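Chemist: This is the structure alone, sequence omitted:
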Ligand SMILES: Nc1ncnc2c1ncn2[C@@H]1O[C@H](COP(=O)(O)OP(=O)(O)OP(=O)(O)O)[C@@H](O)[C@H]1O
Ligand SMILES: [Mg+2]
């Protein structure tokens, strides 16, 4: 029997995000005036970790950052949410990853990502955390990292019987031109959470239509995944497993800023799935977290607590 509080170990990239609110996203050669600047810790590592912690989990993060003032800000910020940073390594040779995001008045965004130290997270960094992975209920992995490191995390978690959840995202190595062929280990996980276009890339489907989602999900299951959760933004998501495919509608919310929605969804899903092997319950819980995150400006401060999520679920109980 593992610990009383759910324990989650997150493997994910860490960034400093500079988000600027502006009337429109500029085109080449154009400069626009920004109205709000938020300067915060971001990336799938911290956001998924904080979301799981806000859902009552004990969370450890495996990640790599630089060594300057950004690193200090990250370590102090994560400590405020009680995230264990023993496996967040500060390296002198690399800069901390940086995200520059512009958000227009409709809440749409565009930006640039500099991966920095995240591209130096190597399999040895996973091996170092072997004991923590063994003790965790769930190992939640985000795919925007070197592939061999992700493979090692999946291998290590499976060896210890820790549940595995993978958001394949876009591999760091092929950020611009699709996923390419993914290692077989990616399909040995309990839950895979791509969005629809990522799922289409992984399975070599050219059409990303809603109807194709079930086909794509079945393909992922045929490759060995236990549950495929294909997210589709405000169109909700599709849960596919050996029992069939189900559409889980999104909660209707007023969109303010969609940054972090996918990571909030993942963190909340991991928190629920750590306690209960109920994928549909976990996806509903996660959908509420993803939707609530869209209702606030900011990143970590936009993430909902477990109580916020439960309140939304209760309010919509009759509709879902
Ligand atoms: N506008 C929205 N309204 C309500 N729920 C939303 C909205 N956007 C996202 N969600 C919820 O969050 C889930 C994940 O969102 P989405 O499919 O956009 O992830 P993503 O494309 O991986 O995002 P990210 O770029 O943050 O990783 C959705 O399946 C849905 O449940
Ligand atoms: Mg995503």
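Modeler: Received it, and whenever you're ready, just let me know what you need. Keep in mind the model is a prediction, meaning the values are calculated, not measured. Ligands and ions are numbered 1, 2, ... in the order given.

Chemist: Please count neighbours and contacts with C-alpha atoms only from this point.
Modeler: OK.

Chemist: Tell me where the stretch 1-150 of the chain has strands.
Modeler: All strands of the stretch 1-150 of the chain, identified by DSSP state E, counting those that start in this stretch, fall at 7-11, 15-22, 34-42, 58-65, 88-90, 97-103, 109-114, 138-142.

Chemist: so what pLDDT did the most centrally placed residue in the chain get?
Modeler: With distances taken as CA atoms, centre = their mean, the residue of the chain nearest its centroid is residue 263 (3.1 Å). Residue 263 is assigned 98 on the pLDDT scale.

Chemist: Could you say which helix or strand holds it?
Modeler: Using DSSP states H and E, residue 263 sits within helix 261-275.

Chemist: now check that helix, is it near ligand 1?
Modeler: Yes: using CA under 6 Å from any ligand atom, helix 261-275 reaches ligand 1 at 261, 262, 263, 265.

Chemist: Give me the distance between the third one and residue 42.
Modeler: Yep, that's residue 263 we're talking about. Counting by CA to CA, to the nearest Å, the gap from residue 263 to residue 42 is 10 Å.

Chemist: Ok, the second one next?
Modeler: Using CA to CA, one gets 12 Å for the distance from residue 262 to residue 42.

Chemist: joint contacts of these two?
Modeler: Overlap of the contact sets of residue 262 and residue 42 (by CA atoms under 8 Å, 6 or more residues apart in numbering) is empty.

Chemist: show me where the chain has helices.
Modeler: Per DSSP state H, the chain carries helices over the ranges 44-54, 69-80, 123-127, 130-135, 147-159, 196-202, 212-222, 261-275, 279-293, 306-315.

Chemist: Run the chain-centre distance for the helix holding residue 263.
Modeler: 8 Å (CA atoms, centre = their mean, to the nearest Å).

Chemist: and residue 201, how many neighbours does it have?
Modeler: Residue crowding around residue 201 was assessed by other CA atoms under 10 Å; the count is 20.

Chemist: same check, this time on residue 223
Modeler: Other residues close to residue 223 by other CA under 10 Å number 15.

Chemist: ok, the closest residue in space to it that isn't next to it in sequence - contacts?
Modeler: Spatial nearest neighbour of residue 223, excluding adjacent residues (CA to CA, 6 or more residues apart in numbering): residue 187 at 5.9 Å. Residue 187 sits next to 220, 223, 224, 225 when contact means CA under 8 Å, 6+ apart.

Chemist: Write a ChimeraX command that selects only the buried members of those.
Modeler: In ChimeraX, a selection of the buried entries from the contacts of residue 187 looks like this (16 or more other CA atoms under 10 Å):
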select :220,225
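
Chemist: residues from the protein in reach of ligand 1?
Modeler: 195, 231-234, 236-237, 250-253, 255, 259-263, 265, 287, 290-291.

Chemist: Now list the buried members of those residues.
Modeler: Among those, those buried by neighbour count (16+ other CA under 10 Å) are 195, 231-234, 236-237, 250-251, 255, 259-263, 265, 287, 290-291.
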